[in-house]
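*Asks:* Here is my input; please provide its structure:
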Amino acid sequence: MKKRSSRKPRAGDNRNYLDWVKTQPCAMCQRPADDPHHIIGVGLGGMGMTAPDLLAMPLCREHHNEIHISPELWPQQFEWVVRTIARAVSEGAV
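*Replies:* Here you go, the predicted structure:
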């Protein structure tokens, strides 16, 4: 049996959007993405909190790991998220 998350749904949560993000190429290198990366380090979450799903971008495992240890990359996340959202809108995913 699958364990159900105990966290409450929040504004901006969207499982369908995250599933679509997973199908997109990595925002940094265009290789297949492994999973969605939620924007970090910009005050949109707190300790132990994740930013809303609509602020996610596709990243391959290599770049997902890199962005978590490289604060100098954090400002670029805005561009990658905006590009992801723009693609989602143009493809009718949101």
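*Asks:* would you list every one of the strands in this structure?
*Replies:* 35-38, 56-59 (DSSP state E).
*Asks:* Out of those strands, which is the most enclosed?
*Replies:* Comparing the strands of the chain by mean neighbour count (mean count of other CB atoms under 10 Å), strand 56-59 ranks first with a mean of 26. In short, each C-beta sits where N, CA and C put it, glycine included.
*Asks:* Just checking: what are the partner strands of that one?
*Replies:* strand 35-38 (antiparallel) (DSSP bridges).
*Asks:* who touches the strand it pairs with?
*Replies:* 18, 21-22, 45, 50-53, 55-59, 61, 64, 67 (CB atoms under 8 Å, 6 or more residues apart in numbering).
*Asks:* Of these, select the buried ones using a PyMOL command.
*Replies:* Per 16 or more other CB atoms under 10 Å, the buried members of these correspond to this PyMOL selection:
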select buried, resi 18+21+50+51+52+53+55+56+57+58+59+64+67
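*Asks:* Which members of the contacts of strand 35-38 are the farthest-apart pair?
*Replies:* Using CB to CB, these span at most 22.5 Å, a distance reached by P52 and R61.
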